[in-house]
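Novice: Starting from these lines, generate the structure:
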Amino acid sequence: MRRSKPALRKPEKRLRVNRLIRAREVRVVTEEGEQLGVLDVADALREAEQRGLDLIEVAPQAEPPVCRIMDYGKFRYQQRKKERDSQKKSRQVEVKTIRVRPNTDDHDLEVKAKHAEKFLLKGHKVKFNVIFRGPELRHKEIGRDQLLHFVEMCKQIADMDQSPRMEARNMTMILTPRPEVLDRLQSAKKTAPESSDQHGEDEGQDEEGRGEAVQDHGDGEGPVQESGPEPPPVQEDEQAQAQPPAVG
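Specialist: From the prediction side, this is the model:
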């Protein structure tokens, strides 16, 4: 019985730093972008040590290899940040689905349109499905009018990504957020970390902790100040017990 070969893993790209650089000569660039020319690797290492930085081989495939003098920790942080940003941009946009029937009344259509607006303002695409059953297929123009009504209600924030068309027994249409909506979302995401940094560490509590705090002060009053030890219980009962019973 033949065994299947294990899948080959893509080797992790690791940068050579300082003494791990194998080339004899390297082209050296400073952290500010200044070209120091082609140097012997020992001279390049000496130059990096004098600056209190690292020598990083950033382009090993070049001839000679290109090395940069900078802090290795800072360099890795910048690389990870670029990777995270590229992953965010490569994520597929989520598509939300809204279903209606040809006999859906105008009030329900307005409610559906408000739901669609919320999805679009969050950067999602919205797919509208008009579901036909039996004899309703004879009146496809009703479904088309409904979809065009959604387009009219969302025209300020959305563009038509897919025009109305039949898919089996459904008529579908897709709206996508307009570029200015996506730009506002992107700018809001960039400014959000800056605003959150201004708060104290207490803002980092989880939702459960915040829920408990609301329950403790749900009466609308301020935080209850800690008081001293509770006073001893009233001695009325003891005094009553010490008195002799009244004579009838």
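Novice: What are the contacting residues of the lengthiest strand in the chain?
Specialist: Longest strand in the chain by number of residues (criterion: DSSP state E): strand 158-167. Strand 158-167 is contacted from outside by 116, 120, 125-126, 140, 143-144, 147-148, 151, 171-178, 181, using Cβ atoms under 8 Å, 6 or more residues apart in numbering. Where you see a C-beta, it was placed from the backbone N, CA and C, and this is true even at glycine.
Novice: and that strand, average pLDDT?
Specialist: The average pLDDT for strand 158-167 rounds to 91.
Novice: Also stretch 54-67?
Specialist: Mean predicted confidence for stretch 54-67 is 90.
Novice: May I have the distance across it, first residue to last?
Specialist: Between the opening and closing residues of stretch 54-67 there is a gap of 10 Å (Cα to Cα, to the nearest Å).
Novice: thinking again about what came up before, of the contacts of strand 158-167, buried ones?
Specialist: 116, 120, 125-126, 143-144, 147, 151, 171-178, 181 (16 or more other Cβ atoms under 10 Å).
Novice: What strands flank whatever helix or strand comes next after the longest strand of the chain, and is each parallel or antiparallel?
Specialist: Next along the chain after strand 158-167, taking DSSP states H and E as the criterion, comes strand 170-177. Strand pairing for strand 170-177, using DSSP bridges, gives strand 125-131 (antiparallel), strand 158-167 (antiparallel).
Novice: Go through those and pick out the most buried.
Specialist: Highest mean neighbour count among the strands paired with strand 170-177 (mean count of other Cβ atoms under 10 Å): strand 125-131, with a mean of 21.
Novice: What pLDDT does the model give residue 93?
Specialist: 65.
Novice: Kindly report the same for the one 10 residues further on.
Specialist: Per-residue pLDDT puts residue 103 at 91.
Novice: again with residue 96
Specialist: At residue 96, pLDDT is 92.
Novice: what's it in contact with, if anything?
Specialist: 116, 119, 124, 125, 126, 127.
Novice: and it, bridged to which residues?
Specialist: Beta-bridge partners of residue 96, as defined by DSSP bridges: residue 126.
Novice: and if you look at the one 4 residues further on?
Specialist: According to DSSP bridges, residue 130 are recorded as the beta-bridge partners of residue 100.
Novice: Could you tell me how many residues sit around it?
Specialist: Using other Cβ atoms under 10 Å, residue 100 has 18 neighbouring residues.
Novice: Let me see the contact set for it.
Specialist: 108, 109, 112, 128, 129, 130, 131, 146.
Novice: returning to that earlier point: and the strands paired with strand 170-177 as JSON lines, adding distance to residue 101?
Specialist: Shown next, in JSON lines, are these (distance: least, Cβ to Cβ, whole Å):
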{"stretch": "strand 125-131", "distance to residue 101": "6"}
{"stretch": "strand 158-167", "distance to residue 101": "15"}
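Novice: Distance check, residue 188 against residue 154.
Specialist: In this view, residue 188 and residue 154 are 20 Å apart by Cβ to Cβ, to the nearest Å.
Novice: ok, the two, which is more surrounded?
Specialist: residue 154 (23 against 10).
Novice: Surely that one is in contact with residue 115?
Specialist: No: assessed by Cβ atoms under 8 Å, residue 154 is found out of contact with residue 115, at 10.7 Å.
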